[in-house]
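A.B. asks: From the sequence below, what's the structure:
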Amino acid sequence: MMPKFDILSASYNDIKDQKYDYAVLPWGATEPHNYHLPYLTDCYLAYDTSLDAVKKAYEQAEVKGMILPPIPFGSQNPGQFDLPFCLHGRYETQKAILSDIVASLHRQNIDKLIIVNGHGGNSFKNMIRDLAIDYPDFLIAATEWFKIVPTKDFFEEAGDHADELETSVLMYYRPELVNLEVAGDGAYTPFKTKTLREGVAWTPRNWSKVSQDTGIGNPHKSTAEKGKKYAEAVTDKLATLFIELVKEDMY
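C.D. replies: Numbers count the residues shown, from 1 in each chain. So this is what the prediction gives:
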């Protein structure tokens, strides 16, 4: 019988006699995504790609992972957390959540955690370095599902928020949550400062000055077929990551 991979639907009876090799933590945000996608888009996409990848890893190599509940607290930009019900998760808050999850898993002899990030504003590197000191035998790896596979061969329109990529993949996984008819065009204003545009330095974009509909990138060419092809490529890579982290030596 296929084991349970999803803590949202698993009961203790499903897992009490199972040994899990690793856990996966989808991490998203709660924020507007243009007019046509739900506030929890980043959570859904991180969760859905994670679940597909965990299933593939088990089918291919019988490594068994559990998907934890997606975290809905993302780090927001100025001008974005002023929008209704956009929730800002501070670094300290995110680190506390991650630390408590690691402490729980460590106590239960689960020593591998992969964060699948769905929100561009989140960054976990410093947290993971700190936790590596506290838990030297615990592996934490972080990935961003939307950066694993280059997008140029899958999508026509560039963007990075409620764009063709996110819209297409959500149309594939959860079409009932997408209303493309009301979508804005995702037009955005880049920095006037040339060095900032070139990436010489980084500063957060003020969302109220960047986008009118909260989107960055035109979503109108989105299709579920495009989303399916991209999600399959991403989850293939994620499944390989899970297998290698469980079955292979890192050094």
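A.B. asks: give me the low-pLDDT residue ranges for the stretch 101-250 of the chain?
C.D. replies: Within the stretch 101-250 of the chain, not a single segment meets pLDDT under 70.
A.B. asks: Would you state the helices of it in chain order?
C.D. replies: 125-134, 164-173, 194-197, 207-210, 224-247 (DSSP state H, counting those that start in this stretch).
A.B. asks: so which of these comes closest to Ile110?
C.D. replies: Ile110 lies closest to helix 224-247 among the helices of the stretch 101-250 of the chain, at 11.4 Å (C-beta to C-beta). Where you see a C-beta, it was placed from the backbone N, CA and C, and this is true even at glycine.
A.B. asks: Quick check: which helices or strands does that closest one pack against?
C.D. replies: If you count contacts as 3 or more C-beta pairs under 8 Å, 6 or more residues apart in numbering; DSSP states H and E, helix 224-247 packs onto strand 22-27, helix 41-61, strand 112-117, strand 139-144, helix 164-173.
A.B. asks: quick check: angle from that helix to helix 164-173?
C.D. replies: 90 degrees (axes from the mean of the first three to the mean of the last three C-alpha atoms, to 10 degrees).
A.B. asks: roughly how far out does helix 224-247 sit from the chain middle?
C.D. replies: 13 Å (C-alpha atoms, centre = their mean, to the nearest Å).
A.B. asks: ok, back up a step: and the helices of the stretch 101-250 of the chain as JSON lines, adding distance to Ile114?
C.D. replies: Shown next, in JSON lines, are the helices of the stretch 101-250 of the chain (distance: least, C-beta to C-beta, whole Å):
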{"stretch": "helix 125-134", "distance to Ile114": "11"}
{"stretch": "helix 164-173", "distance to Ile114": "19"}
{"stretch": "helix 194-197", "distance to Ile114": "32"}
{"stretch": "helix 207-210", "distance to Ile114": "29"}
{"stretch": "helix 224-247", "distance to Ile114": "7"}
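A.B. asks: hmm, back to that, as JSON lines, the helices and strands packed on helix 224-247 with mean neighbour count and distance to Gly217 would be great.
C.D. replies: Formatted as JSON lines, the helices and strands packed on helix 224-247 follow (neighbours: other C-beta atoms under 10 Å; distance: least, C-beta to C-beta, whole Å):
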{"stretch": "strand 22-27", "mean neighbour count": "25", "distance to Gly217": "22"}
{"stretch": "helix 41-61", "mean neighbour count": "23", "distance to Gly217": "13"}
{"stretch": "strand 112-117", "mean neighbour count": "24", "distance to Gly217": "19"}
{"stretch": "strand 139-144", "mean neighbour count": "18", "distance to Gly217": "16"}
{"stretch": "helix 164-173", "mean neighbour count": "25", "distance to Gly217": "6"}
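A.B. asks: With respect to Val200, which of the ones you listed lies nearest?
C.D. replies: The nearest among the helices and strands packed on helix 224-247, by C-beta to C-beta, is strand 139-144 at 22.5 Å.
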